[in-house]
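[1] Any chance you can model this:
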Amino acid sequence: MTTNTLTRADLTEAVFQAVGLSRNESAQMVEDMLEEVCVALAKGETVKLSSFGTFAVRQKSQRMGRNPKTGDEVPIAPRRVLVFRPSHVLKAIINGQTPVFEAEEA
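    Purely as a prediction, here's the structure:
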């Protein structure tokens, strides 16, 4: 991973290194996992990845917006948006702290 962007190829390589499957099998595993997440979100389901975070689809109602150039009011259509809530473990890792896992809290 030489860039600041994590790509499908990077994920495939990580699976290849960690699991030991062939590169083609690793690529298929990554694609299948991403497809499952996409299908679930398209159905409006919530996707929770333990110790990572939760992806959910939220419905936004119609509202009035303003064109910043002209100042005219324009209706913004209702739509569905994707939201992500990071887990406390991910937040701790990002902030350089030691994460507390669920089993350790008890």
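[2] Show the contacting residues for the closest residue to residue 48 other than its chain neighbours.
    Of all residues not flanking residue 48 in the chain, residue 54 sits nearest, at 4.7 Å (CB to CB, 6 or more residues apart in numbering). Bear in mind the C-beta positions are built from the backbone N, C-alpha and C, glycine included. Counting by CB atoms under 8 Å, 6 or more residues apart in numbering, residue 54 touches 46, 47, 48, 84, 85, 87.
[3] so the last one makes contact with residue 52?
    Yes. The pair residue 87 / residue 52 is scored as a contact, 5.9 Å apart, by CB atoms under 8 Å.
[4] and the two? which has more neighbours close in?
    It is residue 87, of residue 87 and residue 52, that has more neighbours when counted by other CB atoms under 10 Å, with 18 against 14.
[5] Once you drop chain neighbours, what's closest to the more buried one?
    Closest to residue 87 by CB to CB, 6+ apart is residue 53, at 5.0 Å.
[6] Pretty sure the one you found sits against residue 86.
    Yes. At 4.2 Å, residue 53 and residue 86 qualify as touching, with contact defined as CB under 8 Å.
[7] quick one: which of those two has more around it?
    Higher neighbour count among residue 53 and residue 86: residue 53, with 17 against 13, using other CB under 10 Å.
[8] quick one: that one and residue 70, what's the gap?
    Per CB to CB, to the nearest Å, residue 53 is found 39 Å from residue 70.
[9] so where's this structure shaky on pLDDT?
    1-3, 102-106 (pLDDT under 70).
[10] For residue 68, give me its contacts.
    Per CB under 8 Å, 6+ apart, neighbours of residue 68: none.
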